[in-house]
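S.K.: Fold the stuff below for me.
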Amino acid sequence: MRLLLDTAILIHAVESPERLSRRAASALQSAQNVLDLSSISLAEIAIKAALGKLKLSSVIARQAVQDLGIRILPYTADHAFYLFDLPRHHGDPFDRQIIAQALCEKIAIVTADEKFSLYQGLKIVW
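M.R.: Sure, this is the predicted structure:
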């Protein structure tokens, strides 16, 4: 199964894996799953690290991507066009872009964020 990781999932996998649900941890470890991370998530991590809100460095983020076998999913114009019709259930602009990306790509998203479940058609793994 192809899975898009929410930004918080990558951060938890690195800093506090015990915060992952059993299902999420299993999904990350299963060789049957293809793990994607949005380029938006990398931008979010970089911005929050620069603001001092995260301690995750580019070196650690890059290593986590490599260690978990994660592919980086570029954010495209097609993804952005999904934002035009996306309901405003979630106010965070990074999360809204990731939701739009998952819907456009028709892939499940690994997240603990309950607001994601408000989006019709979005499959959640948690």
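S.K.: Residue 60 sits in which helix or strand?
M.R.: Under the criterion of DSSP states H and E, residue 60 resides in helix 58-67.
S.K.: Ok, residue 41 next?
M.R.: helix 39-50.
S.K.: Counting by contacts, list what that helix packs against.
M.R.: With contacts defined as 3 or more Cβ pairs under 8 Å, 6 or more residues apart in numbering; DSSP states H and E, helix 39-50 has these neighbours: helix 7-15, helix 58-67, strand 71-73, helix 93-105. In this view, the C-beta of every residue, glycine as well, is placed from N, C-alpha and C.
S.K.: Out of the ones you listed, the one nearest residue 125 is which?
M.R.: helix 7-15 (9.3 Å; Cβ to Cβ).
S.K.: Show the subsequent helix or strand relative to the closest one.
M.R.: As assigned by DSSP H and E, the chain's next helix or strand after helix 7-15 is helix 22-29.
S.K.: Summarise which helices and strands that following helix is packed against.
M.R.: Where contact means 3+ Cβ pairs under 8 Å, 6+ apart, helix 22-29 is packed against helix 7-15, strand 108-110, strand 124-125.
S.K.: Quick check: buried residues in stretch 103-110?
M.R.: Judged by neighbour count using 16 or more other Cβ atoms under 10 Å, the buried positions of stretch 103-110 are 103-105, 107-110.
S.K.: Run through who's touching that stretch.
M.R.: 1-6, 9, 24, 27-28, 36, 73, 78-79, 81-82, 86, 98-99, 102, 116, 119, 121-126 (Cβ atoms under 8 Å, 6 or more residues apart in numbering).
S.K.: That concludes my questions; thank you for your assistance.
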